[in-house]
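Enquirer: The following block contains a protein sequence and its predicted model.
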Amino acid sequence: MKLNPDERWDLIDSIARHVVTYGEYRHTLKDAIGELTVKPMTGLPIAIAVMYCFWSVFGSFAGTLCTDGFFVKLFDGYWLPWLQEVFPGKGGWIYSILIDAGGMTNGEFILSDNCFEAFGVLTSGLFVAIGVVLPAIVIFYLMLTLLEDIGYMPRLAVLIDTVLHKIGLHGYAIVPTILSLGCNVPAVTATRILETRKQRFIMMTLLAIFIPCGAQLGIMEEVIPDLIGYVLLYLVIGYFIFGFILNRIVPGKSPEILIDVPQYQKPMMTNVRRKLWMRVSSFFKVAVPFVLLGCVVVNVLYLVGFIQWLGDLLAPVFVGWFGVPKETAGPLIAAFLRKDLAVAQLSVIEMTQYQMLSAVVLVSIYFPCVATFAMMLKEGWKELIGSVAVLTVVVFLYGGIIHLIGKLLGVA
Amino acid sequence: MAEKNNFVMIGIAILGLVTVAFGLADILVSVVGDGTGLSIIEIPGDMFRGGWGGLIVLFAGLFYLSGCKNVAEVHNASKVVIGSVLIWIMAGTDIFAMITESIPGGEEGPWFNSLSGFFGTYAPPYAPAIFLLPFSLVVVYYILKQERAR
């Protein structure tokens, strides 16, 4: 059937009469609340409150209830002593790798008291993966999914757009940034929502260097709860300073964006459940093998004396430039496999509070874990080499600056 | 009607002033660095709950004060609702923290807390936001009723 232009317009009018409702637009309370969350004067206090809620719930659920409340007791009180008792070959290689690396005092093999010190695959490895990381990741992704489904994330993107433009990104860069606080691996993939190569490179580099993953946050919450705020402060400052510099030196464009901000809505529980399951399961497929493998590799490196050798070799850099004990060389190598394991290792090294703060910041900004590394390689080898070059400079510069700040404050 | 609006305005203004005072007290106490308790009210002294949390309570008070003048108007009403939401966030996270503390039996104790230990966790003193919670609920109930009538 062919229609002439008049008939087409008549048809359009007829459809419009059926599907369009005409009436007076009324500004509702919901609209007004939506507006308040994107205006800087009112939106920033709300964003500060949302972030507070996020971290408070994270700490209470993962730290107080799950890890401290049940898992520490289960692993340190039952699992570790049972394995120490039933596993044969105390002091041998297999025993050290799987159960307890322990320590030698006056020629006698001393067993560890807790899973943070044991560093065996079946003890520390499982404790970190199940006792610390699992609750941290579950609550982190649950909160993130709720914020997404309520409709708050696009508003946060609008709110933070101006600030992120200063570092060559735009508001939607908040998505990989926050995702990265859960795990850097999906966050690297999420950088694809940014339009240009320049933006993707800046984002990937910044999240690989300055954003600690959920596993690392969970461990920090457990072993250095008093210092976690300062660690995050150093990382946030570094994120913006080095983002600003990268924006100046990396060639390319940083275009504007137009965001469609949806209305606030009640989250659908089936959606929340699906998203949560998808994120937690994919995280565990990536993280658990690396946690366990990390334990094996680090233990072997310790046993063959490689860590001791490297610590001695790098001692001038660690002690003189970064201001941390040379024993931190081991955790820094472990950090390449799993950063959460590295923080756990740092917690048993004797050092001052400021040294601990510097060491944890170093572990965070040091090479991304091997899973993130592989994901970055998938995004392009040129980007990976560029990111690693930036990272090397940042580690030396920022590590030195943190030491200098400590010296100026008289705490280093 | 005008009299009723004046009454509501005064109520929200008083709530706003009290909230601002609590927020400032939270921040000051956390700057000094030592938590303090006044019978059933406890002001936390740490930078997270006292400092960051205090700032949120202060913002809630400012939202109440900026929206109290003509709460019948939708933009002012939304500010008052946001003030209440901030109070809910503070009180909600405090209550959630109490719940997570009340369930486990402690480092040396049994797996689960005893019944007396469980209920003991919920005993006063409470943070200021918990005292502000019922008032914030009343305010939002009034605004939603008004919105439905519109």
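Expert: Thanks, I have the structure now. From a predicted model like this one, the values you see are computed outputs, not experimental measurements. Residues are numbered from 1 along each chain as shown, chains lettered A, B, ... in the order given.

Enquirer: Can you get me a residue count around residue 68?
Expert: No chain specified, so I'll use chain A. Residues within reach of residue A:68, counting by other CB atoms under 10 Å in any protein chain shown, total 19. Heads up, the C-betas are built off the backbone N, CA and C, glycines and all.

Enquirer: Let me rephrase: I mean chain B.
Expert: When neighbours are defined as other CB under 10 Å, residue B:68 has 23 of them.

Enquirer: Identify the nearest residue to it in space, disregarding sequence-adjacent positions?
Expert: Distance criterion CB to CB, 6 or more residues apart in numbering or on different chains; nearest residue to residue B:68, sequence neighbours excluded, is residue B:12 at 3.9 Å.

Enquirer: Touching, that neighbour and residue B:77? I think so.
Expert: No - using CB atoms under 8 Å as the test, residue B:12 is too far from residue B:77 to be in contact (10.1 Å).

Enquirer: helices or strands up against the longest helix anywhere in chain B?
Expert: Secondary structure assigned by DSSP state H gives helix B:2-32 as the longest helix of chain B. Using 3 or more CB pairs under 8 Å, 6 or more residues apart in numbering or on different chains; DSSP states H and E as the contact test, the elements touching helix B:2-32 are strand B:41-43, helix B:53-67, helix B:74-102, helix B:128-149.

Enquirer: If we use 6 Å, what do you get?
Expert: Applying 3 or more CB pairs under 6 Å, 6 or more residues apart in numbering or on different chains; DSSP states H and E, one finds that helix B:2-32 contacts strand B:41-43, helix B:53-67, helix B:128-149.

Enquirer: Please work out which residues outside the last one touch it.
Expert: Outside of helix B:128-149, the residues within contact range by CB atoms under 6 Å, 6 or more residues apart in numbering or on different chains are A:29, B:15, B:19, B:22, B:57, B:77, B:80-81, B:84, B:87, B:90-91, B:94.

Enquirer: And the first one, by the same measure?
Expert: Applying CB under 6 Å, 6+ apart, the external contacts of strand B:41-43 come out as B:25-26, B:29, B:36, B:125.

Enquirer: Give me the below-cutoff pLDDT ranges for chain A.
Expert: Low-confidence segments of chain A, defined by pLDDT under 70: A:103-107, A:334, A:336-338, A:370.

Enquirer: Smallest gap between it and chain B, at which residue?
Expert: Closest residue of chain A to chain B, CB to the nearest CB: residue A:69 (3.0 Å).

Enquirer: tell me the centre residue of chain B?
Expert: Geometric centre of chain B, nearest residue: residue B:129, 2.4 Å, by CA atoms, centre = their mean.

Enquirer: Excluding covalently adjacent residues, which one is nearest to that one?
Expert: residue B:90 (3.5 Å).

Enquirer: Report the beta-bridge partners for the residue in chain B that chain A sits nearest to.
Expert: Taking CB to the nearest CB, chain A has its nearest neighbour within chain B at residue B:104, 3.0 Å off. Note on residue B:104: beta-bridge partners by DSSP bridges are residue B:112.

Enquirer: distance of it from residue B:44?
Expert: 21 Å (CB to CB, to the nearest Å).

Enquirer: Of the contacts of helix B:128-149, which is the most crowded?
Expert: Greatest neighbour count in the contacts of helix B:128-149, by other CB under 10 Å, goes to residue B:87: 32 neighbours.

Enquirer: these two touch, right, that one and residue B:59?
Expert: No - counting by CB atoms under 6 Å, residue B:87 sits too far from residue B:59 to count as a contact (10.1 Å).

Enquirer: For the longest helix of chain B, the averaged confidence score.
Expert: Taken as a whole, helix B:2-32 has a mean pLDDT of 88.

Enquirer: quick one on the thing from earlier: so what's the residue nearest to residue B:68 up against?
Expert: By CB under 6 Å, 6+ apart, the residues touching residue B:12 are B:64, B:68, B:80.

Enquirer: try 7 Å
Expert: Shown in contact with residue B:12 (CB atoms under 7 Å, 6 or more residues apart in numbering or on different chains): B:64, B:68, B:71, B:80, B:139.

Enquirer: Throw the residues you listed into a markdown table and include distance to residue A:278, thanks.
Expert: Listed next are these as a markdown table, based on distance: CB to CB, whole Å:
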| residue | distance to residue A:278 |
| --- | --- |
| B:64 | 41 |
| B:68 | 45 |
| B:71 | 43 |
| B:80 | 39 |
| B:139 | 39 |
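
Enquirer: count of neighbours near residue A:315?
Expert: Counted with other CB under 10 Å, residue A:315 comes out at 14.

Enquirer: Am I right that it falls within a helix?
Expert: Yes - assessed with DSSP: H, G, I helix; E, B strand; the rest coil, residue A:315 lies in a helix.

Enquirer: Which residue is the nearest non-sequential neighbour of it?
Expert: Spatial nearest neighbour of residue A:315, chain neighbours left out: residue A:326 (4.0 Å); criterion: CB to CB, 6+ apart.

Enquirer: Just confirm the one you found contacts residue A:316, I think it does.
Expert: No - assessed by CB atoms under 7 Å, residue A:326 is found out of contact with residue A:316, at 8.8 Å.

Enquirer: More neighbours: which of those two?
Expert: Using other CB under 10 Å as the criterion, residue A:326 and residue A:316 rank with residue A:326 on top: 18 against 10.

Enquirer: what sits against that one?
Expert: A:311-312, A:314-315, A:318-319.

Enquirer: quick one: secondary structure of residue A:109?
Expert: Assignment for residue A:109 (three-state DSSP): strand.

Enquirer: Just give the nearest non-adjacent residue to residue A:71, would you?
Expert: What sits nearest to residue A:71 in space, not counting adjacent residues and going by CB to CB, 6+ apart, is residue A:131, at 3.3 Å.

Enquirer: close enough to count as contact, that neighbour and residue A:76?
Expert: No - taking contacts as CB under 7 Å, residue A:131 lies outside contact range of residue A:76: 9.4 Å.

Enquirer: So for these two, which sits in the more crowded spot?
Expert: residue A:131 (25 against 21).

Enquirer: Next up, the contacts around residue B:100.
Expert: By CB under 7 Å, 6+ apart, the contact list for residue B:100 reads A:60-61, A:64-65.

Enquirer: Make JSON lines out of the helices and strands packed on helix B:2-32 and add distance to residue A:279 and mean pLDDT.
Expert: Output for the helices and strands packed on helix B:2-32, formatted as JSON lines (distance: least, CB to CB, whole Å; pLDDT from 0 to 100):
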{"stretch": "strand B:41-43", "distance to residue A:279": "37", "mean pLDDT": "85"}
{"stretch": "helix B:53-67", "distance to residue A:279": "28", "mean pLDDT": "95"}
{"stretch": "helix B:128-149", "distance to residue A:279": "31", "mean pLDDT": "92"}
